[in-house]
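Undergrad: with the input below, show me the fold.
(one chain, ligands or ions: 2)
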Amino acid sequence: MNGRSAPALAARALAVTYPDGTRALDGLDLTVERGRSLAVLGESGSGKSTFLAAVLGLLPSRAAVTGSLTIDGIETVGSSARELRKLRRGRIGYVPQDPFAAVDPLRPVVHHIRFAARAAGTKIDAATAADRLVALGIDPETVRTRRWPHTWSGGMLQRACIAAATITAPPLVLADEPTSALDLDTGDTVLRDLRSRATTLIIVTHDLHAAAVVADDLAILRNGQLIESGRADDILAAPQHPYTQSLLAAARATGGLDG
Ligand code: ADP
Ligand code: MG
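TA: Ligands and ions are numbered 1, 2, ... in the order given. So this is what the prediction gives:
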């Protein structure tokens, strides 16, 4: 399958085993149709970051990957790192889990956003990059006067990473816990902005509230296996699997989920 009819992303029996034997993904079946937003929800260690690394071709070279993983109908399992980079270029935006590790400490924050645009084949000026930061709720004065990453908080750098990943409005955006350092209100605003900048969005998170804000569809992951998946509204209203039921109950008990 290829071209228009292909889903944005499809995994079939996708398994990832790290060199030390850890089986981080264990037979994942998942389809994300173009234009949808999916939240992959799971506790720490469930395989969320591994899933994104598999999509991005960022797994350690000695990790064993089996099964199938297609992007726009193009098979990526067995592709070289070079082929994957070519496939990603201009097509996939990525918000990494750790913003401090993602941003070059020796370059101004705005440079990070301009560099991401250039990597996707587009040139933007500093003012355009600054405007995106302001749109994501960073004070204009801060953007103007505090140029260096080490003077920014984790929540601010998270937004810089979101600005970088979405600066060219790529068709597919992958985001790893993109609002973990933000307060609830700011996080919701940022998630909605992120959604509006991506045709197809996949976020991975342990935060059910973030998932509920942004996702059309949910996939619940545990120990590298898919527990339950479907429309977010359906799962939130009537979770089928006991594990999903306990996740929802826990989130509601701690006020993490409205209703
Ligand atoms: P999550 O993002 O949901 O917290 P990860 O994908 O980071 O989960 O991790 C899934 C499992 O794989 C965990 O057991 C973790 O310890 C393991 N893991 C992650 N990265 C590596 C690695 N580079 N080498 C070995 N094991 C890893
Ligand atoms: Mg992770």
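Undergrad: Asp176 contacts Phe51, doesn't it?
TA: No. Asp176 is not in contact with Phe51 according to Cβ atoms under 8 Å; the separation is 9.5 Å. (C-beta placed from N, C-alpha, C; glycine too.)
Undergrad: between those two, which one's more packed in?
TA: Shown here are Asp176 and Phe51; by other Cβ atoms under 10 Å, Phe51 has more neighbours (27 against 21).
Undergrad: where does the protein have low pLDDT?
TA: 1-4, 256-259 (pLDDT under 70).
Undergrad: now do the helices in this structure.
TA: With helices called from DSSP state H, the chain shows them at 48-56, 81-88, 99-102, 109-119, 126-135, 140-145, 154-166, 184-196, 208-214, 232-237, 242-253.
Undergrad: mind listing what's buried along the last one?
TA: Neighbour counts using 16 or more other Cβ atoms under 10 Å place Thr244, Leu247, Leu248, Ala251 of helix 242-253 among the buried residues.
Undergrad: which residues touch the second one?
TA: Translated: Leu247. Leu41, Leu208, Ile220, Pro239 (Cβ atoms under 8 Å, 6 or more residues apart in numbering).
Undergrad: inside strands: which ones of the residues you listed?
TA: Of these, the ones assigned to strands by DSSP state E are Leu41, Ile220.
Undergrad: tell me the residues of this structure that contact ligand 2?
TA: Neighbours of ligand 2 within the chain, by Cβ under 5 Å from the ion: Lys48, Ser49.
Undergrad: one more time with 6 Å, if that's ok
TA: Where the chain comes near ligand 2, counting by Cβ under 6 Å from the ion, the residues are Lys48, Ser49, Gln97, Asp176.
Undergrad: not counting sequence-adjacent ones, nearest residue to the first one?
TA: With Cβ to Cβ, 6 or more residues apart in numbering as the criterion, Lys48 has its nearest non-adjacent residue at 3.7 Å, and that residue is Val204.
Undergrad: could you do the last one as well?
TA: Once flanking residues are discounted, Asp176 sits nearest to Gln97: 4.0 Å by Cβ to Cβ, 6+ apart.
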